[in-house]
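**Student:** Just a sequence and a predicted model for now, questions to come.
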Amino acid sequence: MPVTMHLYSDVLSSRTRMKSRCADAEYLLQRRAEPLAVLASWLGADWPGAYLDLAWKTLLKCHAHDSISGSGVDAIEEDMMNRLNQVIHLSEGLVSRSLGAVQLQINTGETGTDDVLVTVFNAQPQARSEVVTAILDLPYRGPRGEFTLTDPQTGKSFPVQAAARKPHWSIVNHAWDAPAMVRSERFTVHFPAEAVPGLGYAVLKVDRSGAFARGSMVCGANAMENEHLRVRIANDGTLSVTHKSSGVTYTDLNYFVDNGEAGHAWMHHNPARDRALDSRGFPVRIALEEDGPLLARYRVEVMMEVPARLDENGGDPWQRLDGIGNSAARAEGTRPLRIVSRITLRRGAKSVAVDVSFDNTVEDHRLRVFFPTRRPGKVCRVESAFDVISRDTVFGPDSPWHNCQGVTFPMQRFVDVSDGAAGLAFISRGLREYEVTQDAERAIAVTLLRAYEVNLTTVSCRWDAHPEMKLAQAPGAHAFSYLICPHAGYYAAGGVVAEAERFVTPLEPAQAGAHPGGLPARMGFLEMEPDILTFSALKRAENGDGWIVRVANPTMTAMKGKLHFGQTPVSAEMVSLEEVSEKELPVKNNTVVFTAGPKKIVTIRVRL
């Protein structure tokens, strides 16, 4: 006789604020701090091994079973957040030191001594062209004081869209004197960074004789567009996104559903008398926050009213927690749940960026965001560790989830639903639980929050309640960022992996002055192809002998990969995950060629 067993996967949505912070720490350390430290070391800087080891060991303390799962007491979450903040502070310091070490070696002395420069750093091993946001402190030049950016090598001018401007007193540190304050203006600006080399940089010069770019990406009432996408915001706050090259339009995107939570850290249960509330039935305010030729942003505010808590309704709480039936209901009294979505479209972008924030004052509920795809088919593609896997979205008689509704699964950065002609991907940093609905909507539903009472047990029907532990109810401010990525074809042809890579590894703009150096104004030190390969690590070898590059092939097809270095490697070899030599790799000029088998992790040691 078939037996149904719950896999306790609902811990994926326990304490999502903590999981999101953990993802921030992981991406910052693994994808920015360590690779940039390698770059600085290649140029002669000391290797910050002690700081990196401390950051990694502190991060790994957060990966213990009952820590990252969020299934324990509140003190665990408090310790986790403290450790993760330490990892983030260490990593930010390492990034700053590495960028400074590289910047000092760039020759900008041919510009004027009073010139202000902006160096855009790229920690990803692919060249990138995208609109970058930067904060610049410039000497006060009167009420106009506008500017453009130019390439100091070619003289090409780049437009600058101003977002904010205010008076500011900049602190200038002198090695031989006390810090000084200089009257300046602080500008928040957007500008296009073109073809920034992989694991490299590009320098631009501030041209104070230029003027800010004027223009608009707005194409109608509550609508905006760029070369690839057209976005419209409906009166109910949902998005309609048209993918221009395929001609497919996705509607009703980014609506929210709030329902009751009668479970615990390990399992989600619906109350017997649940009320699922759809944001499309509540008042909405839409405002254009920013518009220009490079970036447009709308603010969508949904003002929901949701039940304040769970009402046991005379039932047995132990029976409810064991998932063998309940009579619980959502309470009649309500509290406001105001959800703010900032919808951003940049020139040249292939995805719509969404930043969601809300202040949670409600208990015993689950909040999810939905993206109807309406694509036929029975599977979705989901990023897993070092892989992209296929999962059923329709559960037939042979499926362990046959006749089950609301089944959720784990994800890393993205989940994609496509019929082969076109598809829609949801890309996130730190949201780990999704469902693809089995109806014709084929909606991607992602859990933003699951609030519950702490109940601990080691034996069925023996629950130790801790209503005083409020962190599991997820009170206070929450903020999440994600991309909506429509595309042609399946995920691989649609460039979803490349979009996810860019999302977790943003370009780093840094302000600098003129100084001599031995490096050109634009240079790359490592580029990888093809971009379907996922970049996992760039680090020093554990024994100090060479440098480790780790990539993975998530596809079912063997890939010929190439690593292009800024200098010719002395040698290259394939090694195991333990960094034990396996075979030599050919090096031609500055390029290492390798084969990444289907679903394989590839680790390469190079000596420079």
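**Tutor:** That came through fine.
**Student:** how about the helices of this structure, start to end?
**Tutor:** With helices called from DSSP state H, the chain shows them at 16-27, 34-42, 49-61, 65-68, 74-103, 317-321, 496-504.
**Student:** In a markdown table: these, plus mean pLDDT and mean neighbour count.
**Tutor:** (Each C-beta comes from the backbone N, C-alpha and C, glycine too.) Converted to a markdown table, the helices of the chain look like this (pLDDT from 0 to 100; neighbours: other C-beta atoms under 10 Å):
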| stretch | mean pLDDT | mean neighbour count |
| --- | --- | --- |
| helix 16-27 | 98 | 21 |
| helix 34-42 | 98 | 23 |
| helix 49-61 | 98 | 15 |
| helix 65-68 | 90 | 14 |
| helix 74-103 | 98 | 18 |
| helix 317-321 | 87 | 18 |
| helix 496-504 | 97 | 23 |
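**Student:** okay if I get the ones you listed as TSV plus distance to Met574?
**Tutor:** Formatted as TSV, those follow (distance: least, C-beta to C-beta, whole Å):
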stretch	distance to Met574
helix 16-27	26
helix 34-42	19
helix 49-61	24
helix 65-68	31
helix 74-103	27
helix 317-321	51
helix 496-504	22
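**Student:** Tell me which of the ones you listed sits nearest to Leu526.
**Tutor:** helix 34-42 (8.1 Å; C-beta to C-beta).
**Student:** packing partners for that closest one?
**Tutor:** Counting contacts by 3 or more C-beta pairs under 8 Å, 6 or more residues apart in numbering; DSSP states H and E, helix 34-42 is packed against helix 74-103, strand 534-540.
**Student:** ok and the longest one relative to helix 16-27, angle-wise?
**Tutor:** Just to be clear, that refers to helix 74-103. 30 degrees (axes from the mean of the first three to the mean of the last three C-alpha atoms, to 10 degrees).
**Student:** likewise the shortest one?
**Tutor:** Strand 534-540 and helix 16-27 are oriented at 60 degrees to each other (the same axes, to 10 degrees).
**Student:** quick one: strands adjacent to strand 534-540?
**Tutor:** Neighbouring strands of strand 534-540 in its sheet, by DSSP bridges, are strand 547-552 (antiparallel).
**Student:** Convert the strand it pairs with to PDB, retaining C-alpha atoms only.
**Tutor:** Provided in PDB are the C-alpha atoms of strand 547-552 (Å, rounded to 0.1, in the frame of the first residue of the first chain):
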ATOM      1  CA  TRP A 547      45.400  29.300  -8.800                       C
ATOM      2  CA  ILE A 548      42.200  27.300  -8.900                       C
ATOM      3  CA  VAL A 549      39.400  28.000 -11.400                       C
ATOM      4  CA  ARG A 550      36.200  26.000 -10.900                       C
ATOM      5  CA  VAL A 551      33.300  25.900 -13.300                       C
ATOM      6  CA  ALA A 552      30.300  23.600 -13.900                       C
END
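**Student:** What residues of that strand count as buried?
**Tutor:** 547-552 (16 or more other C-beta atoms under 10 Å).
**Student:** Which member of these is positioned nearest Asp53?
**Tutor:** Checking those against Asp53 with C-beta to C-beta, the nearest one is Ile548 at 14.9 Å.
**Student:** Between the helices and strands packed on helix 34-42, which one is closest to Asp359.
**Tutor:** That would be helix 74-103 among the helices and strands packed on helix 34-42, by C-beta to C-beta, at 17.8 Å.
**Student:** In TSV: the buried residues of strand 547-552, plus pLDDT.
**Tutor:** As requested, the buried residues of strand 547-552 are exported to TSV (pLDDT from 0 to 100):
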residue	pLDDT
Trp547	98
Ile548	98
Val549	98
Arg550	98
Val551	98
Ala552	98
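**Student:** Which members of those are the farthest-apart pair?
**Tutor:** The distance between the two most remote of those (C-beta to C-beta) is 17.8 Å, for Trp547 and Ala552.
**Student:** Centroid-nearest residue for the protein?
**Tutor:** Centroid check for the chain by C-alpha atoms, centre = their mean gives Arg429 as the closest residue, at 3.2 Å.
**Student:** So that residue sits against Tyr482, correct?
**Tutor:** Yes: with contact defined as C-beta atoms under 8 Å, Arg429 counts as touching Tyr482 (7.4 Å).
**Student:** count of neighbours near Pro376?
**Tutor:** Other residues near Pro376 number 11, with proximity taken as other C-beta atoms under 10 Å.
**Student:** show me the contacts for the residue nearest to the centre of the chain.
**Tutor:** 20, 23-24, 27, 413, 481-482, 503-504 (C-beta atoms under 8 Å, 6 or more residues apart in numbering).
**Student:** distance of it from His564?
**Tutor:** 28 Å (C-beta to C-beta, to the nearest Å).
**Student:** Relative to Val407, which of the buried residues of strand 547-552 is nearest.
**Tutor:** Proximity of these to Val407, judged by C-beta to C-beta, is greatest for Ala552, which lies at 26.9 Å.
**Student:** so the closest one bridges to which residues?
**Tutor:** Thr534, Ile601.
**Student:** Enumerate every residue touching it.
**Tutor:** Counted by C-beta under 8 Å, 6+ apart, Ala552 has contacts 386-387, 533-534, 536, 596, 600-602.
**Student:** same question, Leu104
**Tutor:** Here Leu104 is in contact with 515, 517 (criterion: C-beta under 8 Å, 6+ apart).
**Student:** Need phi/psi at it.
**Tutor:** phi -60, psi -20 (degrees, to the nearest 10).
**Student:** in terms of contact, does Glu194 touch Phe158 like I think?
**Tutor:** Yes: between Glu194 and Phe158 there is a contact under C-beta under 8 Å: 7.4 Å.
**Student:** Closest to Pro372 out of the contacts of Ala552?
**Tutor:** The closest of the contacts of Ala552, once distances to Pro372 are taken by C-beta to C-beta, is Asp387, at 26.5 Å.
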